[in-house]
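[1] Let's see this in three dimensions:
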Amino acid sequence: MYMVPLPGTKMTQRLENEGRILSKQWHKYDGHNILVRPLKMSATQLYKATNSALLNFYSFKEGIKHLFCGNEHWFNFLVRLWGKKIIKKVINDNSYYQRALNSIENWHSNVMTEYDLWSKRVDEYIKDAKASADDKKELITNEWNKLREKISAKIDLTDEFFAPYKEKIIAELEKMWLEKWQAICQPTPA
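    As a prediction, the model looks like this:
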């Protein structure tokens, strides 16, 4: 079971402010979908680790352990074997979901890399003493438009399940762009 960001809670508000909520499709709020981007691992790593733990719990080895010790030997043995079969089917049925998780993580990584490259170019433009403020504004605007085109082209490659997350990331990028833009528009004290 994965964490579900319940509406109206302080935790959900904090996660929204951090841009970590991946989806707001309510039919996915069942505990079986990753809805919050983890801090110390990727969503794909969390998904794989959870599946691995389930497969270990519902393993033949665990079934044998319960067969020879504990109460209700046969029942626990059969539950473990049957559980493993069900978990394998669920993992197989959710292969699309795992590809979607990979897709959004790759998209996020690519977008942030593109933004970092853009930011470095913009910083170089800002430092260029030979260029006028108008030339700098034009160069930065052109670079921003190129970045937006790249992001737009890549956004279509991700699953719609993650649309709110993508919108939040793009809004954050636009905010950072605006901050750079305002830094250029501010007259430099003489």
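
[2] Show me the helices in this structure, by range?
    Ranges of helices in the chain, per DSSP state H, are 10-17, 43-57, 60-68, 73-93, 95-127, 133-155, 163-185.

[3] List the buried residues for the first one?
    Residues of helix 10-17 classed as buried: T12, L15 (neighbour count, 16 or more other Cβ atoms under 10 Å). The C-beta positions use only the backbone N, C-alpha and C, and glycine is treated the same way.

[4] between the helices of the chain, which one is nearest to Y29?
    For the helices of the chain, proximity to Y29 was assessed by Cβ to Cβ; helix 10-17 is nearest, at 10.8 Å.

[5] Next, the angle from the closest one to helix 163-185.
    Going by axes from the mean of the first three to the mean of the last three Cα atoms, to 10 degrees, helix 10-17 is angled at 50 degrees with respect to helix 163-185.

[6] Counting by contacts, list what helix 10-17 packs against.
    Packed against helix 10-17 by the contact rule (3 or more Cβ pairs under 8 Å, 6 or more residues apart in numbering; DSSP states H and E) you find no helix or strand.

[7] coming back round to it: how about a markdown table for the helices of the chain, with distance to I34 added?
    Converted to a markdown table, the helices of the chain look like this (distance: least, Cβ to Cβ, whole Å):
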| stretch | distance to I34 |
| --- | --- |
| helix 10-17 | 13 |
| helix 43-57 | 5 |
| helix 60-68 | 25 |
| helix 73-93 | 14 |
| helix 95-127 | 7 |
| helix 133-155 | 20 |
| helix 163-185 | 11 |
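
[8] D128 against K136, yeah?
    Yes: at 7.1 Å, D128 and K136 qualify as touching, with contact defined as Cβ atoms under 8 Å.

[9] Of the two, which one has the most company?
    Comparing D128 with K136 by neighbour count (other Cβ atoms under 10 Å), the higher total belongs to K136, at 18 against 12.

[10] Can you check the pLDDT for that one?
    For K136, the pLDDT comes out at 77.
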